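Colleague: Predicted model follows, preceded by the sequence.
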Amino acid sequence: MPIRLTAAQQEAYERDGFVAPIDIFSPAEAADIRAALEEAERRWPEGMAGANRNNAHYVLPALDAITHDSRILDAVEDLIGPDILVAGTTLFIKEPETKGFISWHQDARYIGLEPHDWVTGWLAISNVTEENGDTYGEDNLLTRGQTVPDVDEDAAVAVPLKPGQLSLHHPRIVHGSGPNMSGERRIGFAMQSYIAPNVEQVIGRIWVQQARGTDRFGHHDTAPRPNGAMQPRDIQFRDEANERLSDIFYAGASRKGRY
Ligand SMILES: O=C(O)CCC(=O)C(=O)O
């Protein structure tokens with residue numbers, strides 16, 4: 001018996017490679033999360049921009065709390081079992097009427113986590129709607145050439161989410177999103193990813209946090225939890241973690257991008 005997902009949701013994940021929407025945070029909790037995030041963006045604009053949107057859970061307790069929220073972990077446990085590590089997070093923020101988009105891709109193609117006993121959680125912090133658009137070009141927010149060509153867009157499924165709702169997707173599901181044509185910010189927080197302890201990083205090294213259960217494999221280094229908002233020691237650690245991430249994302253590439 002699943003503990004958080006319904007049997008139908010679990011079947012949907014097995015059939016489709018994703019399950020959404022999953023109700024996690026109440027509208028009031030989601031509003032508090034958004035307020036904490038936007039307060040941090042106001043106080044530390046540089047610290048929350050560009051590559052610093054990777055692994056911001058190492059420097060912001062509000063994001064750390066989401067990553068370790070038992071309701072999310074219950075849903076993740078239904079898919080990958082009771083021993084759960086968090087390998088990283090990314091804030092995907094698209095400002096109103098901007099061109100940034102995410103081309104069709106599979107996370108498993110570039111993240112280096114093998115085998116695929118892992119799942120990505122994507123939490124909507126704002127409304128997420130189809131108005132996020134459809135064009136492709138130079139403003140790809142992905143790090144490098146991960147685009148899957150010739151995707152049959154007629155077979156694509158829109159996944160609108162309300163603030164506080166979660167989607168869970170499999171490492172091999174092809175997914176993406178268009179530019180934000182709306183007048184509202186589009187804010188998502190990806191827990192990228194929740195991995196079972198047997199999963200190895202085959203391109204480089206990573207730090208992980210133990211989210212639940214036990215790790216009998218010890219493949220990775222252990223990351224600390226934040227001591228407060230934007231503490232210098234935590235910032236230094238996040239920067240080191242993001243350096244390692246950049247080495248993984250750009251392994252073999254002749255130039256590095258912005259993320
Ligand atoms: O924010 C998006 O639309 C894409 C997110 C994504 O690619 C991911 O979470 O793996």
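Modeller: Alright, I've got the coordinates. Residues are numbered from 1 along each chain as shown.
Colleague: Mind listing the residues bridging to the residue in the stretch 151-259 of the chain positioned nearest to the ligand?
Modeller: Proximity to the ligand, evaluated over the stretch 151-259 of the chain using CB to the nearest ligand atom, is greatest for residue 177 at 3.2 Å. Yep, even glycine has a C-beta here, placed from its N, CA and C like the rest. Judged by DSSP bridges, the bridge partners of residue 177 are residue 102.
Colleague: Look at it and report its pLDDT.
Modeller: Reading off the confidence values, residue 177 has pLDDT 92.
Colleague: and if you look at residue 232?
Modeller: Value listed for residue 232 in the pLDDT field: 98.
Colleague: Tell me which residues touch residue 129, please.
Modeller: 160, 182, 186 (CB atoms under 8 Å, 6 or more residues apart in numbering).
Colleague: That one and residue 182, how far apart?
Modeller: Here the criterion is CB to CB, to the nearest Å. By it, residue 129 lies 7 Å from residue 182.
Colleague: for residue 242, same thing?
Modeller: 29 Å.
Colleague: sorry, back to before: make TSV out of the contacts of residue 129 and add pLDDT, distance to the ligand and secondary structure.
Modeller: Shown next, in TSV, are those (pLDDT from 0 to 100; distance: CB to the nearest ligand atom, whole Å; DSSP: H, G, I helix; E, B strand; the rest coil):
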residue	pLDDT	distance to the ligand	secondary structure
160	94	12	coil
182	94	14	coil
186	96	8	strand
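Colleague: Just the buried subset of those residues, please.
Modeller: 182, 186 (16 or more other CB atoms under 10 Å).
Colleague: show me what contacts the closest residue to residue 44 other than its chain neighbours?
Modeller: Counting by CB to CB, 6 or more residues apart in numbering, residue 44 lies nearest to residue 230, which is 5.5 Å off, once chain neighbours are set aside. Counting by CB under 8 Å, 6+ apart, residue 230 touches 40, 43, 44, 47, 59, 60.
Colleague: Now a ChimeraX select for only the buried ones of those.
Modeller: Burial among the contacts of residue 230 is assessed by 16+ other CB under 10 Å; the matching ChimeraX selection reads:
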select :40,44,47,59,60
